[in-house]
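Enquirer: dropping a prediction and its sequence here:
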Amino acid sequence: MADEESKEKDAKSAALEKSAAAARAAAKNAPPRAIATTSDRPSTPPPPAATEPAKAAAPAAGAAGPSVLECRGVKQRYPSPKGGYQIVLNDIDLHVPTHDFVSVVGPSGCGKSTLLRLVLGSESPWEGSVRANGEIVTHPDRRRGIVFQKYSLFPHLTVLDNVVFGLELDGTWLLQKWLTWPWYKKTHHKRYVETAMEYLRTVQLDEHAGKFPHQLSGGMQQRVAIAQAMIMKPSILLMDEPFGALDPGTREALQVAIVDAFHQQNLTVFFVTHDLEEALFVGNRLLVFSPFWKGDDTTPILGSKLVMDVPTPTGRATGVKQTAEFQDFIAHVRRQGFDSTYRQHVDEFELRAPKLAGA
Ligand SMILES: Nc1ncnc2c1ncn2[C@@H]1O[C@H](COP(=O)(O)OP(=O)(O)OP(=O)(O)O)[C@@H](O)[C@H]1O
Ligand SMILES: [Mg+2]
């Protein structure tokens, strides 16, 4: 019985590999796709037009540059309660250069948080590799900051101390700090406090530096968490539904704040959300993961694939969300990635970001 199960798993894995290889071969033979800019996006879907003046020009998504993040043939699976495995991510290739604001969407359960954990390093892929700054990711480190939906602040520390905390932990040995406190306070601590205040100004919380988390609103707490992550100058800032628990007004204010911080701090952001409008508004590149796709007749449909990877304009005023073009694009994304009755063939995916060399 165990033998049969293992044979079946091997057969599924072989079929999966075969389909991935076929998709890769098809992609290699396909004519090269031009990188669309905000002005030359194809007519279907129409580009979400900026009806209000752009705050800043969006860098071309996937533009050539050093890779902050690289996923090659990433597959992930988990033990299934019914026995065997549940394949969650199926052969994900991805290249994120510096200063991309990547929004990630997909139906619930498609593997967005799984991918984020692989990038963070809190788990490893079943197959394939994840590299950050050229190195294989094996564990979380300070170069990959993360902001979760639930505020992750220390309740007993003030806003300022919450933001300073990472620097102190990173830059000093606790014993050394304790033994040399007057000297330490005059040198390092003073500098850390000045830096933290700069970041608090960025998220407009400098006037609340002395408050404790319970004295702040949810939106303010999340802004502290963003400052806390940014101060460590991560090469990539990972965010998993960071605004999911906020009311619509606060949520929109934070969307604007994170886009501003992206430009001011020259961040690279990997932003997971289930809200298509939010994804399209904040990012300059949209990734859509979906379990709704089809391969060749013999290909088992297992796990989610990257079905869209396209550049999108960023830095626009919030009014753009009400335009017909913005809404049309959302409808297009919803069909491509969220409609279980509509399944694209692996060769039809809208992948306009440049392919990885050799992928
Ligand atoms: N540690 C785990 N063990 C077993 N199954 C897991 C584990 N983590 C995730 N899964 C399963 O993997 C699938 C993808 O989960 P994941 O949390 O990545 O989805 P998601 O796209 O982030 O969903 P949501 O939008 O609801 O947050 C789900 O079916 C989930 O049950
Ligand atoms: Mg999730």
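Expert: All right, it came through fine. Numbering: from 1, shown residues only. Ligands and ions are numbered 1, 2, ... in the order given.

Enquirer: and the residue of the stretch 201-350 of the chain found nearest ligand 1, which helix or strand is it part of?
Expert: Residue nearest to ligand 1 within the stretch 201-350 of the chain: residue 274 (4.9 Å; C-beta to the nearest ligand atom). Every C-beta, even on glycine, is put in place using the N, C-alpha and C of the backbone. According to DSSP states H and E, residue 274 maps onto no helix or strand at all.

Enquirer: surely residue 306 and residue 90 touch.
Expert: No. With contact defined as C-beta atoms under 8 Å, residue 306 does not reach residue 90; the gap is 9.2 Å.

Enquirer: what does this structure have sitting close to ligand 1?
Expert: Residues of the chain lying near ligand 1 by C-beta under 6 Å from any ligand atom: 78, 88, 106, 108-114, 274.

Enquirer: give me the buried subset of these.
Expert: Taking 16 or more other C-beta atoms under 10 Å as the criterion, what is buried in the residues of the chain next to ligand 1 is 88, 106, 110-114, 274.

Enquirer: identify each of the helices in the chain and give its residue range.
Expert: With DSSP state H as the criterion, the chain has helices at 2-29, 112-120, 159-171, 174-179, 181-184, 190-202, 218-230, 248-264, 276-282, 324-338.

Enquirer: among those, which comes closest to residue 292?
Expert: Set against residue 292 and scored by C-beta to C-beta, the helices of the chain come closest in helix 324-338, at 7.3 Å.

Enquirer: may I have stretch 236-255 as CSV, with CA atoms only?
Expert: Taking Å, rounded to 0.1, in the frame of the first residue of the first chain, the C-alpha atoms of stretch 236-255 are listed here in CSV:
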residue,chain,number,x,y,z
ILE,A,236,13.6,43.8,0.4
LEU,A,237,10.6,44.6,2.5
LEU,A,238,8.1,41.8,2.7
MET,A,239,4.5,42.6,3.6
ASP,A,240,1.7,40.1,4.1
GLU,A,241,-1.8,41.7,4.0
PRO,A,242,-0.3,44.6,6.0
PHE,A,243,-3.4,46.7,5.8
GLY,A,244,-6.0,43.9,6.0
ALA,A,245,-7.2,44.7,9.5
LEU,A,246,-7.7,48.5,8.9
ASP,A,247,-10.8,50.4,8.0
PRO,A,248,-11.1,51.7,4.4
GLY,A,249,-10.0,55.3,5.1
THR,A,250,-7.0,54.3,7.2
ARG,A,251,-6.1,51.7,4.7
GLU,A,252,-6.0,54.1,1.8
ALA,A,253,-3.9,56.6,3.8
LEU,A,254,-1.4,53.8,4.5
GLN,A,255,-1.4,52.8,0.8
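
Enquirer: of the residues of the chain next to ligand 1, the lowest pLDDT goes to which?
Expert: The lowest pLDDT within the residues of the chain next to ligand 1 belongs to residue 274, with 90.

Enquirer: domains for this protein, by residue range?
Expert: With domains defined by automatic domain parsing, the chain comprises 2-143+235-351, 153-233.

Enquirer: least confident of those, on average?
Expert: Taking the mean pLDDT of the domains of the chain, domain 2-143+235-351 comes last: a mean of 80.

Enquirer: quick one: that domain to chain centroid distance?
Expert: Remark: domain 2-143+235-351 is offset 8 Å from the chain centroid, using C-alpha atoms, centre = their mean, to the nearest Å.

Enquirer: then stretch 212-221?
Expert: Computed by C-alpha atoms, centre = their mean, the chain-centroid distance of stretch 212-221 equals 24 Å.

Enquirer: quick one: contacts of it?
Expert: By C-beta atoms under 8 Å, 6 or more residues apart in numbering, the residues outside stretch 212-221 that reach it are 151, 153-159, 162, 205, 208, 224, 245-247, 250-251, 253-254.

Enquirer: among the residues you listed, the buried ones, what's the ChimeraX command?
Expert: Of the contacts of stretch 212-221, the buried ones go into a single ChimeraX selection, burial set by 16+ other C-beta under 10 Å:
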select :151,153,158,159,162,205,208,224,245,246,250,251,254
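
Enquirer: relative to residue 202, how far out is residue 142?
Expert: Distance from residue 142 to residue 202, counting by C-beta to C-beta, to the nearest Å: 19 Å.

Enquirer: typed the wrong thing, it's residue 193
Expert: 15 Å.

Enquirer: cool, residue 216 as well?
Expert: From residue 216 to residue 202 the distance is 16 Å (C-beta to C-beta).

Enquirer: repeat for residue 146
Expert: Going from residue 146 to residue 202 by C-beta to C-beta gives 18 Å.

Enquirer: again with residue 233
Expert: Plainly put, residue 233 is 13 Å away from residue 202 if you go by C-beta to C-beta.
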